[in-house]
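In: output the structure for:
(chains A and B)
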Amino acid sequence: MIDYDPKIVEEKWQKHWEKEKTFASHPYQGEKYYMLEMFPYTSGGIHIGHVRNYTIGDVVAHYKRMQGFNVLHPIGFDAFGLPAENAAIEKKIHPKDWTYSNIDTFRRQLKRLGFSYDWDREVITCDKDYYHWNQWFFLKFYEKGLVYRKKTPANWCSTCSTVLANEQVEQGKCYRCATPVTQKSLKQWFFKITQYADELLKEMKNMDNWPVAVKKMQDNWIGKSEGVQIDFSIFHNGEKLPVYTTRPDTVFGATYLVLSPSHPFSEKIAKKNPSLKSEIERMRQEQLIKGEVEKRGIFTNLWAINPVNKEKIPIWIANYVLMEYGTGAIMAVPAHDERDFEFAKKYNLPVRVVICPPDKNLHGENLEQSYVGEGKMVKSGKFSGMASDKARKEMSEWMKENKIGTFQVRYKLRDWCISRQRYWGTPIPIIYCSKCGTLPVPEKDLPVELPFNIKITGKGGSPLEKVKEFVQCHCPVCGEKAKRETDTMDTFVDSSWYFFSYASLKGDSFPFDSREAGYWMPVDQYIGGIEHAILHLLYSRFFTKALRDMGLVKIKEPFTRLLTQGMVVKDGAKMSKSKGNVVDPQDIIDRYGADTLRGFILFAAPPEADLEWKKEGLEGINRFLTRVWRLVTEYASNWKKKLEETYSENREGKEKELQKMVNKTIEKVTQDIEERFHFNTALACLMEFVNYLYLYPEKESLLFQESLQVLTTLLYPFCPHIAQELAERMGYKEDLCYLRWPEYRKKLLRSDKVTLVVQINGKLRDRFFITTRENKENVERKVLNRERVQKHIQGRCIKKIVHIPGKLINIVLD
RNA sequence: GCCGGAGUGGCGGAAUCGGUAGACGCAGUGGACUUAAAAUCCACUGGGUAAUUAAUGCCCGUGCCGGUUCGAGUCCGGCCUCCGGCACCA
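Out: Numbering: from 1, shown residues only, chains lettered A, B, ... in the order given. Sure, this is the predicted structure:
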């Protein structure tokens, strides 16, 4: 017997797979299955989180192939982005060289892990053949009115020297470097994702195979609310001052009105009234920094009229009202809104209760906190006495009829800002001509190539601005000298359509072939980290819908099923350089081999849970694989074409038991993959099977030979190298990935002896074997005669017997 | 604050539809092999209690309190803790 040497075995088969293109995909041949894992951003080398993501996907890809599906399982690289520029500054290496050298490392490591990718479909987003189509989409969106430019305060990260999309600001900090984000007014390009807000929301109802957590996060992010815009007016000149509220039922309780410091009317006041100007400016500054600030405001000396009761209420300007949402102005109802209550208490503004909870009366003067629940209307004109939820509808109707309010649907979702003042990204294909204005680059002039002759300093604005040859161009309309846009696109544009690119072999005049993409898309199973719950996944959904409306694809949604795998943690914390608890997959491969690494990652936890890294567990899997190796190399003889003994119905005794074991193992492994992706229990079951085979006495029998063959086949999706090698040693010369997955026979799972569990008053008291042929009465008589049962029921009265045939009897005593 | 998710041995985890809690692995203990060790193989392994019939028996045990049920880790109500997301969105 030869010892198990993973390095030799694994490299042998990796060479074979590469040479034979074993996992290449071909369209239109049978039922398709598109298995996709989120492609990696290639900074440095592969880390353990990638290995987990890709291992899970690889098991599914293998399994589906063996089920007879035509599988597409591609990979590529997310290659544009800021880290490349940072590396350029720190290491004096060109972003391009840094990126491609990382990609080489990544590709080598992915191959070393033996993942079954179709490498012919590889995509690298910084290749001009790829970003060409980002620009093309930009132009098409431009034609469709899905792109626009506006000057607006944007989220600014001073460390990255660029603006960020709303989705990239986490708790007021940059998602990448955690620098507090400030607001800076710049002219920016936007994709009109809000046009799809409602569809993005609605379609989620049909996405049953997405995790609830992700859907919930997107739901919150889109933030749909239904309310009423109520037109208040300014007392002295009657000018309209609309506010937006989701609680029109509280309108009689409005005791003051608040404007955002950035509201146009606030600006007007600031101009007229220098004494207020500095305070307004100060509040505006406070709003630039996200996060909780103490509520602050000033009275404008102006008054507004509440249209429902003609009441005169003071107009304030306060830092707790945002300009970006609603109308930038609110009616303040301190009795029924927490924020207004807090503000009213601070500035001693009146509190008027208009809704009382069912069980008591409230009074504004002594209210200790706002009441935001439902209840009975009071002090609300003709609506007094009505239930608040009913009043909400009726008052809205009434306001609409009297032309003082209109129904409104609002979203928190803002348009997607795609401008980045960075170098390493897709140039935005726009030309500014002093005569003709802002013009898209003609399609025939694409791609606008990113220049490589550049100095990255990290200082002083966009790097492209300083590249004369890039900036200077001619106007496509009048031919005069013009300037190019120097901002590049957010890299999330790249990842919003890469799955379409994989799904077709590239053409020269189109981003992808609609026919082939139509065959493969949508992605049947997508796997990635939960950190992309809103960013990448929302953008990709938006892109898919936009592409559908352009007639390029027919589908509404890109990803049918989504799995968000858990983190890999060590010593209770997420692996990170700063904590010094990083495990380098390469070290594990060198020491134990790829199959052991894959096996451990799959065995240690179910995919959606966090995984605790334990060196000892790794050794456990390695021991298991060694046991499989020894068993097969020692006892296996010839690979059989058909598993006759496994399914024969004429076995008795030990053989029958083994046969049952084989069928049970197939059943369990199949179900665990098929129904739940619980690879940990699938592997546990294979371990049990191996333990059983070790103790089985007749290792020369045909049935035992077949059992080894089944074991090898079932192991293949998890640890493909060792399985393929063992299959070959048994005489199987083909690739296991195209061998049909074994089936189990239900009939052979049943045995004629089962354990019957006996409970007395719900407590386990006895268990014994019965034959399945025995009738109910007979079994019950036997149970009652058991010594252990007798001991308990002596002198007591049997109230009831619960009998689940073949499983359990519960005797209920008084 | 709001919205998700999770709490099971010394540890990672299993129990899929309400029916034997702790599969499988790790760690640990004992034995076999060995001059010895490693490796390997075999067995035991939640806590407590009892020395009788020496086979096991009995009690407790899935974050806490209560409920439904013949029977609850699983269902219902109320808490506690941890993790993740959002956070002046009117």
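
In: what are the buried residues along stretch A:201-216?
Out: Buried residues in stretch A:201-216, counted by 16 or more other C-beta atoms under 10 Å: A:201, A:204, A:207, A:210, A:211, A:214, A:215. (Each C-beta comes from the backbone N, C-alpha and C, glycine too.)

In: okay, which residue is most central for chain A?
Out: Per C-alpha atoms, centre = their mean, the C-alpha nearest to the average position across chain A is that of residue A:533, at 3.5 Å.

In: could you measure from that one over to RNA strand B?
Out: Plainly put, residue A:533 is 7 Å away from RNA strand B if you go by C-beta to the nearest atom of the strand, to the nearest Å.

In: from the buried residues of stretch A:201-216, which single one is nearest residue A:577?
Out: residue A:214 (27.7 Å; C-beta to C-beta).

In: list the contacts of that closest one.
Out: By C-beta atoms under 8 Å, 6 or more residues apart in numbering, the contact set of residue A:214 is A:530, A:533, A:537, A:562, A:564.

In: ok, back up a step: just flag the most distant two among the buried residues of stretch A:201-216.
Out: A:201 and A:211 (16.8 Å).

In: the residue nearest to the centre of chain A against residue A:562, yeah?
Out: No. Residue A:533 is not in contact with residue A:562 according to C-beta atoms under 8 Å; the separation is 9.5 Å.

In: report the distance from stretch A:501-514 to the chain centre.
Out: Offset of stretch A:501-514 from its chain centre (C-alpha atoms, centre = their mean, to the nearest Å): 26 Å.

In: for residue A:291, report the pLDDT, please.
Out: Residue A:291 carries a pLDDT score of 64 in this model.

In: for RNA strand B, what are the nearby residues on the stretch 51-200 of chain A?
Out: A:170, A:171 (C-beta under 7 Å from any atom of the strand).

In: so who does the residue lying closest to residue A:559 once chain neighbours are set aside touch?
Out: Among residues not flanking residue A:559 along the chain, residue A:526 sits closest, at 4.1 Å (C-beta to C-beta, 6 or more residues apart in numbering). Residue A:526 makes contact with A:36, A:37, A:38, A:558, A:559, A:560, A:561, A:562, A:563, according to C-beta under 8 Å, 6+ apart.

In: rewinding a little: let me see the contact set for the residue nearest to the centre of chain A.
Out: Shown in contact with residue A:533 (C-beta under 8 Å, 6+ apart): A:213, A:214, A:217, A:218, A:564.

In: out of the contacts of residue A:214, which is most surrounded?
Out: residue A:537 (25 neighbours; other C-beta atoms under 10 Å).

In: looking at the stretch 701-814 of chain A, which residue is nearest RNA strand B?
Out: Using C-beta to the nearest atom of the strand, the closest approach of the stretch 701-814 of chain A to RNA strand B is made by residue A:762 at 2.9 Å.

In: what's the burial count for that residue?
Out: Neighbour tally, residue A:762, other C-beta under 10 Å: 9.

In: that one contacts residue A:810, doesn't it?
Out: Yes. Between residue A:762 and residue A:810 there is a contact at 6.2 Å, judged by C-beta under 8 Å.

In: how close does residue A:42 sit to RNA strand B?
Out: 23 Å.

In: end to end, how far does stretch A:561-576 reach?
Out: End-to-end distance for stretch A:561-576: 29 Å, by C-alpha to C-alpha, to the nearest Å.

In: ditto for stretch A:715-722
Out: Terminal-residue distance, stretch A:715-722 (C-alpha to C-alpha): 9 Å.

In: about what we covered before: closest to residue A:472 among the buried residues of stretch A:201-216?
Out: For the buried residues of stretch A:201-216, the nearest to residue A:472 is residue A:201 (44.9 Å; C-beta to C-beta).

In: confirm the closest one sits in a helix?
Out: Yes. Under DSSP: H, G, I helix; E, B strand; the rest coil, residue A:201 falls within a helix.

In: ok, and the closest non-adjacent residue to it?
Out: Per C-beta to C-beta, 6+ apart, closest to residue A:201 is residue A:222, 5.0 Å.

In: which helices and strands sit right next to the strand or helix carrying residue A:564?
Out: In the assignment (DSSP states H and E), residue A:564 maps to strand A:559-565. When contacts are defined as 3 or more C-beta pairs under 8 Å, 6 or more residues apart in numbering; DSSP states H and E, strand A:559-565 sits against helix A:48-66, helix A:212-222, strand A:523-529, helix A:535-549.

In: mean confidence for it?
Out: Strand A:559-565 comes out at a mean pLDDT of 94.

In: same check, this time on stretch A:63-83
Out: 95.

In: also stretch A:150-166?
Out: pLDDT averaged over stretch A:150-166 gives 81.

In: got it, and stretch A:635-647?
Out: 87.

In: can you tell me the SS state at residue A:803?
Out: strand.

In: dump the residue contacts of it.
Out: Counting by C-beta under 8 Å, 6+ apart, residue A:803 makes contact with A:776, A:779, A:780, A:809, A:810.

In: tally of neighbours for residue A:434?
Out: The burial count for residue A:434: 11, using other C-beta under 10 Å.

In: now the helices for the stretch 701-814 of chain A?
Out: Secondary structure of the stretch 701-814 of chain A (DSSP state H, counting those that start in this stretch): helices at A:702-715, A:720-729, A:746-749, A:776-785, A:787-793.

In: next SSE after the lengthiest helix in chain A?
Out: Longest helix of chain A, by residue count under DSSP state H: helix A:615-635. Later in the chain than helix A:615-635, the nearest helix or strand by DSSP H and E is helix A:644-647.

In: which other helices and strands contact that following helix?
Out: Against helix A:644-647 (3+ C-beta pairs under 8 Å, 6+ apart) you get helix A:653-671, helix A:702-715.

In: looking at these, which is buried most?
Out: With neighbours taken as mean count of other C-beta atoms under 10 Å, the helices and strands packed on helix A:644-647 reach their highest mean count in helix A:702-715, at a mean of 23.

In: quick check, that one touching RNA strand B?
Out: No. Using C-beta under 7 Å from any atom of the strand, helix A:702-715 never reaches RNA strand B; the gap is at least 13.3 Å.

In: out of the helices and strands packed on strand A:559-565, which is closest to residue A:445?
Out: helix A:535-549 (22.4 Å).

In: got the buried residues for the closest one?
Out: Buried-residue list, helix A:535-549, by 16+ other C-beta under 10 Å: A:535-547.

In: same question, stretch A:279-288
Out: A:279, A:280, A:283, A:284, A:287.

In: give the contact list for the first one.
Out: Residues in contact with residue A:279 (C-beta under 8 Å, 6+ apart) are residue A:298.
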